[in-house]
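J.: below is the sequence, then the predicted model.
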There are 2 protein chains.
Amino acid sequence: MFLQVGDLAKATGKTVRAIHLYEELGLLRAHERSKGRYRLFTEEALVRVRWIAKLQNLGLSLSEIQELVREQEASGSAVFAATRLRELYRAKLEATRRKIAELRALEAELEESLSFLSACNTACEPALPVHSCPTCERHPERPNAPELVVGAHVSS
Amino acid sequence: MFLQVGDLAKATGKTVRAIHLYEELGLLRAHERSKGRYRLFTEEALVRVRWIAKLQNLGLSLSEIQELVREQEASGSAVFAATRLRELYRAKLEATRRKIAELRALEAELEESLSFLSACNTACEPALPVHSCPTCERHPERPNAPELVVGAHVSS
DNA sequence: CGTAACCCTGACGCATGCGTTAGGGTGAGG
DNA sequence: CCTCACCCTAACGCATGCGTCAGGGTTACG
């Protein structure tokens, strides 16, 4: 019927310690306790823990989540609470889009670097030492190496 | 001619302290020192610091970068070094793609949640308290609220 | 030569998000 | 009644990536 803390942990992929922490921070409450003070959670707790995890993925720290929870609980009006939530989510949507763009740029750089490096295995003289890379002439398609490759060779 | 540590910091968006740290960790070396022991960097250091930043964005910790640098410097053969670099970048490319997929899912959830929440401002009775949300009937398009919305309301 | 703006080394501080240990109770099956 | 797996609270520990003094030189400009 109820979930013990270990069940909740398994179901969410978090550890028991993490769930305890969330409760300490006020992000989560057990529905009730057993005679022996065991925490007993309902399935709503599952939703809550997953929600916390998503917010963490969105880049919120636990104390920011704490703030949010307090705000939501304190705001009497549902409309007001919804408005605050929207503001937060709108900001996070923009941030997420920026992050995606950044990662896409990195993805492209990785792809370029991989194709550049693949030539090293076929065209390079096996005995050449690393420090000869900067003067390498064997990349006709891409005379100036990608930053991810150059960066690995500079020792200043 | 040369860059002082402050110039390098400004040019890369890092702090002086960060650059000192990178040098302590062996990720970076000053080309030389002035009479008064000032670090003097060439423009290669710029490339190097940007490279470090990119690797950090790819999710590498400074000690992992340290490992990588040691490996690259220690490997005599350029081909071997390139191979290691490729392995790393391939793995990071996959991880980056997974991360992008994850963020896109979050993006979609945020969009859904925002459209759901926008109805709250128009259809909700302004005086209703937050705890009445779970029984709200005013979202005909989306009877079951998105997890990002439900999660904010469960208090268990 | 003065002085403002930098730079040096060394070292302790800090916020985050749990991990881990300690010492002890609880609950369900056999 | 035993036992084993699980739970409790309290509290210290830790890795990361710098921030921030402290105490003292160095440079460039005028």
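T.: Yep, that arrived. The model shown is predicted, which means the values in this text are computed figures rather than measured ones.

J.: A:Ala45 is in contact with A:Leu27, isn't it?
T.: No. Counting by Cβ atoms under 8 Å, A:Ala45 does not reach A:Leu27; the two are 10.5 Å apart. Any C-beta I mention is one placed from the backbone N, CA and C, and that applies to glycine too.

J.: pull the longest helix from chain A.
T.: helix A:78-123 (DSSP state H).

J.: any part of it near chain B?
T.: Yes. Residues of helix A:78-123 are located near chain B by Cβ under 8 Å from any Cβ of the partner chain, namely A:78-79, A:81-83, A:85-86, A:89-90, A:92-93, A:96-97, A:99-100, A:102-104, A:106-107, A:109-111, A:113-114, A:117-118, A:120-121.

J.: do stretch A:25-32 as well
T.: Yes. Using Cβ under 8 Å from any Cβ, stretch A:25-32 reaches chain B at A:28-31.

J.: just the buried members of the residues you listed?
T.: A:28-30 (16 or more other Cβ atoms under 10 Å in any protein chain shown).

J.: may I see these arranged in JSON lines, with secondary structure, pLDDT and distance to DNA strand C as well?
T.: JSON lines is the format used below for those (DSSP: H, G, I helix; E, B strand; the rest coil; pLDDT from 0 to 100; distance: Cβ to the nearest atom of the strand, whole Å):
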{"residue": "A:Leu28", "secondary structure": "coil", "pLDDT": "97", "distance to DNA strand C": "12"}
{"residue": "A:Arg29", "secondary structure": "coil", "pLDDT": "96", "distance to DNA strand C": "17"}
{"residue": "A:Ala30", "secondary structure": "coil", "pLDDT": "97", "distance to DNA strand C": "13"}
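
J.: which of those residues come close to DNA strand D?
T.: A:Ala30 (Cβ under 7 Å from any atom of the strand).

J.: now list the buried members of the residues of helix A:78-123 next to chain B.
T.: Applying 16+ other Cβ under 10 Å to the residues of helix A:78-123 next to chain B flags A:78-79, A:81-83, A:85-86, A:89, A:92-93, A:96, A:99-100, A:103, A:106-107, A:109-110, A:113-114, A:117, A:120 as buried.

J.: which strands or helices does the longest helix of chain A pack on?
T.: helix A:62-74, helix A:147-150, helix B:43-57, helix B:78-123 (3 or more Cβ pairs under 8 Å, 6 or more residues apart in numbering or on different chains; DSSP states H and E).

J.: now the shortest one: average pLDDT?
T.: Yep, that's helix A:147-150 we're talking about. The pLDDT scores in helix A:147-150 average 96.

J.: again, but for the last one
T.: Model confidence over helix B:78-123 averages 95 on the pLDDT scale.

J.: and it, how far out from the chain middle?
T.: Here the centre of helix B:78-123 is set off from its chain's centre by 11 Å, with Cα atoms, centre = their mean, to the nearest Å.

J.: phi, psi of whatever residue of chain A ends up closest to DNA strand C?
T.: Closest contact between chain A and DNA strand C, by Cβ to the nearest atom of the strand, is at A:Gly36 (2.3 Å). Backbone torsions of A:Gly36, given as degrees, to the nearest 10, read phi -90, psi 20.

J.: measure it to A:Gln4 for me?
T.: According to Cβ to Cβ, to the nearest Å, A:Gly36 stands 11 Å off from A:Gln4.

J.: ok, the residue lying closest to A:Glu141 once chain neighbours are set aside - how many residues close by?
T.: Counting by Cβ to Cβ, 6 or more residues apart in numbering or on different chains, A:Glu141 lies nearest to A:Ala119, which is 7.6 Å off, once chain neighbours are set aside. The tally of other residues near A:Ala119 (other Cβ atoms under 10 Å in any protein chain shown) stands at 16.

J.: would you confirm that A:Ala119 contacts A:Pro143?
T.: No. Under the criterion of Cβ under 8 Å, A:Ala119 makes no contact with A:Pro143, lying 11.7 Å away.

J.: quick check, A:Val150 in contact with B:Leu46.
T.: No. Assessed by Cβ under 8 Å, A:Val150 is found out of contact with B:Leu46, at 10.7 Å.

J.: any figure for the gap between the most centrally placed residue in chain A and chain B?
T.: For chain A, A:Asn57 is the residue whose C-alpha lies nearest the centre (Cα atoms, centre = their mean; 4.2 Å). According to Cβ to the nearest Cβ, to the nearest Å, A:Asn57 stands 6 Å off from chain B.
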